[in-house]
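Asker: sequence isn't available, so here's the structure alone:
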């Protein structure tokens, strides 16, 4: 149990996907202007991360490893994640419209997100068990949500702040991201 | 060994495709009212181009199901081109769509024959040529024919002709997306309904006071002959701009205005289409 907790904390804070591993930077800057859309995006990412980790773990352990073709895992994972997201989108669209409108276009957008591919490859490299990879994916998703929420909160205030003209918009967001990264490096010694 | 790898990976790919196919065919529609949205979604092109202003075809279908008048306010330019798809959409939404009114075509307001007054040998781009004393033609508002509009057209519907100095729109290919409007530095292009009958080919506005830079001999002289010639009251004289405006409904295509025009400013819109095709 404490092992799982260590994995969770490590994925969420110490090895944060955005600020430490630099994965999923496109949504970090693209969708962090408003808190609402940032939360939608991170909910979709977390959901897809967990689902993709489960699917790729099964494929990896029951098909790729027994036949000795693990070296093709990047290609296979991309294919599996893409088709999985398609199916999930189809299900949500036909069963729960409110949920579909929350995820909206983000669900289709993250089929090719590097953070999603990243968590599946990390799970494979660390040789996690099924439960461990689920917890790792959840932790990574929570870390992603945390950083996106913090960033969008800061950016909503930055819009109104009196920043120099040349710094307005994206430049000041980059500087903010650097400071946020420095702050997160403080978690370095925890685990 | 290699063959086995190809087979295994191919099988996984094929399996994923099959699962998506089965899911699409078997998953029931449980949400109330979603049948209509799905039905509309099937008619839409499904390319998620976003030209209608909504986030993808499915979002557009949702909006259509909620409010059918969206089909005329923000028409799908791809559906409008295809009479069969348009008919299906009419049936699905239970409204009448006037294809000729919502289907827009680009119209270039220039005849393109303004005389060349100096030799321009710079960058082959209208935007660059305009920077140099307002272009190399006598009229400072003329089409320069370097094809800035042609480069942005996704349908390949614009060509350069009339002896090389003028962009011409092929109305069969044009979907009315309006990208060329922003591409033209002279602001010559306007979206008009596909049912337009008379094309007004002049853009001269007496604003720039440069000696030698008058309107060409083909441009509108504001003589109002077309307005006087029209027996169907289809031409309205716009006093602010001093140019004629045409009423598509009333125009009977008699061609009197074109005959009476002492310049080359008016021509048949449909004739211009066949000309571009030839």
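Answerer: Looks like it arrived, so ask away. Fair warning: this is a prediction, and the values are worked out from it, not measured in the lab.

Asker: which single residue of chain B approaches chain A most closely?
Answerer: Proximity of chain B to chain A (CB to the nearest CB) peaks at residue B:16, 3.8 Å away. In short, each C-beta sits where N, CA and C put it, glycine included.

Asker: chain A contacts on the stretch 1-150 of chain B?
Answerer: Residues of the stretch 1-150 of chain B lying near chain A by CB under 8 Å from any CB of the partner chain: B:4-5, B:8-9, B:12-13, B:16-17, B:19-20, B:23-24, B:27-31, B:34, B:55-56, B:58-59.

Asker: just checking, which of those belong to strands?
Answerer: Among these, DSSP state E puts none in strands.

Asker: since we're on the residue of chain B closest to chain A, how many residues are nearby?
Answerer: Using other CB atoms under 10 Å in any protein chain shown, residue B:16 has 20 neighbouring residues.

Asker: list the contacts for it?
Answerer: Residue B:16 sits next to A:79-80, A:83 when contact means CB atoms under 8 Å, 6 or more residues apart in numbering or on different chains.

Asker: all helices for chain B, in order.
Answerer: B:2-26, B:34-43, B:57-66, B:70-73, B:77-81, B:83-93, B:99-102, B:126-131, B:148-152, B:179-183, B:225-229, B:256-260, B:269-277 (DSSP state H).

Asker: oh, that last question was meant for chain A, not what I typed.
Answerer: A:2-9, A:25-30, A:35-59, A:73-95, A:97-103, A:106-109, A:114-125, A:130-160, A:170-184.

Asker: what comes up buried for the last one?
Answerer: Applying a neighbour-count criterion of 16 or more other CB atoms under 10 Å in any protein chain shown, one finds A:172-173, A:176-177, A:180, A:184 buried in helix A:170-184.

Asker: make JSON lines from these and add pLDDT to it.
Answerer: Listed next are the buried residues of helix A:170-184 as JSON lines, based on pLDDT from 0 to 100:
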{"residue": "A:172", "pLDDT": "91"}
{"residue": "A:173", "pLDDT": "91"}
{"residue": "A:176", "pLDDT": "92"}
{"residue": "A:177", "pLDDT": "92"}
{"residue": "A:180", "pLDDT": "92"}
{"residue": "A:184", "pLDDT": "91"}
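
Asker: out of those, who's nearest residue B:165?
Answerer: Set against residue B:165, the nearest of the buried residues of helix A:170-184 by CB to CB is residue A:173 (47.4 Å).

Asker: right, and that closest one touches residue A:152 too?
Answerer: No. Assessed by CB atoms under 8 Å, residue A:173 is found out of contact with residue A:152, at 10.2 Å.

Asker: if I look at these two, which residues touch both of them?
Answerer: residue A:32.

Asker: the spatially closest residue to residue A:172 that is not a sequence neighbour: neighbouring residues, count only.
Answerer: In space, and not counting its chain neighbours, residue A:172 is closest to residue A:163: 5.0 Å by CB to CB, 6 or more residues apart in numbering or on different chains. Other residues lying near residue A:163 total 14 when counted by other CB under 10 Å.

Asker: and residue A:163, how far from residue B:217?
Answerer: With distances taken as CB to CB, to the nearest Å, residue A:163 is found 56 Å from residue B:217.

Asker: contact residues of chain A facing chain B?
Answerer: A:59, A:63, A:67, A:69, A:72, A:75-76, A:79-80, A:83, A:86-87, A:90-91, A:93-97, A:104-105, A:108.

Asker: quick one, which of those residues are buried?
Answerer: Here, 16+ other CB under 10 Å leaves A:59, A:63, A:69, A:76, A:79-80, A:83, A:86-87, A:93-94, A:97, A:104, A:108 buried among the residues of chain A next to chain B.

Asker: list the contacts of the one residue in chain A that gets nearest to chain B.
Answerer: As assessed by CB to the nearest CB, chain B sits closest to residue A:83 within chain A, at 3.8 Å. By CB under 8 Å, 6+ apart, residue A:83 lies in contact with B:16-17, B:19-20.

Asker: re earlier: for the helices of chain A, which one sits closest to residue B:124?
Answerer: Taking these one by one with CB to CB, helix A:170-184 is closest: 33.9 Å.

Asker: how far does the closest one sit from the chain's center?
Answerer: 18 Å (CA atoms, centre = their mean, to the nearest Å).

Asker: got it, and stretch A:51-59?
Answerer: 15 Å.

Asker: what's the answer for stretch B:129-149, then?
Answerer: For stretch B:129-149, the distance to the chain centre is 21 Å (CA atoms, centre = their mean).

Asker: sort out which residues of that stretch are buried, please.
Answerer: Buried residues in stretch B:129-149 (16+ other CB under 10 Å): B:129-130, B:134-149.

Asker: what is the burial count for the nearest residue to residue A:170 once chain neighbours are set aside?
Answerer: In this structure, residue A:170 finds its nearest non-sequential neighbour in residue A:29, 6.9 Å apart by CB to CB, 6+ apart. Using other CB under 10 Å, residue A:29 has 15 other residues around it.

Asker: isn't residue A:29 up against residue A:172?
Answerer: No. Assessed by CB under 8 Å, residue A:29 is found out of contact with residue A:172, at 11.7 Å.

Asker: let me see the contact set for the residue nearest to residue A:170.
Answerer: Per CB under 8 Å, 6+ apart, neighbours of residue A:29: A:170, A:173-174, A:177.

Asker: swap in 10 Å and give it another go.
Answerer: Under the criterion of CB atoms under 10 Å, 6 or more residues apart in numbering or on different chains, the neighbours of residue A:29 are A:18, A:151, A:155, A:170, A:173-174, A:177.

Asker: can you check residue B:221 too?
Answerer: B:202, B:204, B:215, B:242, B:261-263, B:265.

Asker: using TSV, lay out those together with pLDDT and neighbour count.
Answerer: Compiled in TSV, the contacts of residue B:221 are given as follows (pLDDT from 0 to 100; neighbours: other CB atoms under 10 Å in any protein chain shown):
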residue	pLDDT	neighbour count
B:202	85	25
B:204	72	24
B:215	69	21
B:242	80	14
B:261	85	21
B:262	84	11
B:263	80	18
B:265	82	25
